[in-house]
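Undergrad: Dropping a prediction and its sequence here:
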Amino acid sequence: MTELVIKVTTALAVVAVATVAALISYAHMLDLVRSHGETGTTARLVPFTVDGLIWAASMVILDATRRDRPVPALPGWSLAAGVCATVGANVAHGAAHGPIGALVSAWPALALVGSFELLMTLTRRGATRSATAPGGRGAGLEQPGADCASLVQPVEQAVLAEYRASLHGPGRPVSQRYLAEKYGIDRRKVKQIITAPRGPAPS
């Protein structure tokens, strides 16, 4: 119950901050676009292209994360470009009032990007935990009437199997942080699993 309250209140706070920040950031960008020659519908729509790019890129990154697939390069570059554009536009809007004015004007854009990423983090973690919970992707590993130890064991085996597999692949082994977030367990638990004395890894 406590975890649910934390999730709900955090999500509500993030959405509220993001909404206010988005409205202020939109107003700043609209003023900037109008002051540089655009008018009418064009001026009103240009700010949406920036926030829309951030939204679309983040959704593609989120989808790749939920599917345990590598994040494509284009969404990453698009997200970076969108963030730079929205922050830069807000800085330019307040630049006439000096460094403090530029900083104050840029804050809503930074709050918007930060809130949005916090919301994506909550979504990613929720998806990871549901995947490892009974009925998720890990379902079917437990037998009817299994005790608590038998419920935990498949997760430990999956963590160890993925870590051992990464030792034989290209690059460095997967990190403990990655395994902890993917399987929804504590990093100290991951360290215990991968460092515990066991038999030799299968060839």
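TA: Ah, there it is.
Undergrad: who are the neighbours in contact with Ser58?
TA: 75, 79, 116-117, 120 (CB atoms under 8 Å, 6 or more residues apart in numbering). All C-beta spots, glycine's among them, are computed from the backbone N, C-alpha and C.
Undergrad: rerun that using 7 Å as the cut-off
TA: For Ser58, the contact set (CB atoms under 7 Å, 6 or more residues apart in numbering) comprises 79, 116, 120.
Undergrad: Val8 versus that one, what's the distance?
TA: Taking CB to CB, to the nearest Å as the measure, Ser58 falls 21 Å from Val8.
Undergrad: Ok, Trp55 next?
TA: Distance, Trp55 to Val8, using CB to CB: 22 Å.
Undergrad: more neighbours, these two?
TA: Neighbours were counted for Trp55 and for Val8 using other CB atoms under 10 Å; Trp55 has more, 14 against 10.
Undergrad: What segments of this structure are helices?
TA: For the chain, the helices defined by DSSP state H occupy 2-35, 40-66, 73-94, 98-132, 148-167, 176-183, 187-195.
Undergrad: Sort out which residues of the first one are buried, please.
TA: The reference is to helix 2-35. 14, 17-18, 21-22, 24-26, 28-30, 32-33 (16 or more other CB atoms under 10 Å).
Undergrad: would you turn these into a markdown table with pLDDT and distance to Glu3?
TA: Converted to a markdown table, those look like this (pLDDT from 0 to 100; distance: CB to CB, whole Å):
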| residue | pLDDT | distance to Glu3 |
| --- | --- | --- |
| Val14 | 81 | 16 |
| Val17 | 85 | 21 |
| Ala18 | 82 | 22 |
| Ala21 | 85 | 27 |
| Ala22 | 85 | 28 |
| Ile24 | 89 | 32 |
| Ser25 | 88 | 32 |
| Tyr26 | 90 | 34 |
| His28 | 90 | 37 |
| Met29 | 91 | 38 |
| Leu30 | 91 | 40 |
| Leu32 | 91 | 42 |
| Val33 | 92 | 43 |
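Undergrad: Name the nearest of these relative to Leu103.
TA: Proximity of these to Leu103 was ranked by CB to CB; the top entry is His28 with 12.8 Å.
Undergrad: residues touching the residue lying closest to the closest one once chain neighbours are set aside, list them.
TA: Nearest residue to His28 in three dimensions, chain neighbours excluded: His93, at 4.2 Å (CB to CB, 6 or more residues apart in numbering). By CB under 7 Å, 6+ apart, the contact list for His93 reads 28, 31-32, 105.
Undergrad: Kindly recompute the last result at 8 Å.
TA: Applying CB under 8 Å, 6+ apart to His93 gives the contacts 28-29, 31-32, 105.
Undergrad: low pLDDT regions in the protein?
TA: Residue ranges of the chain with pLDDT under 70: 1, 124-153, 169-172, 197-203.
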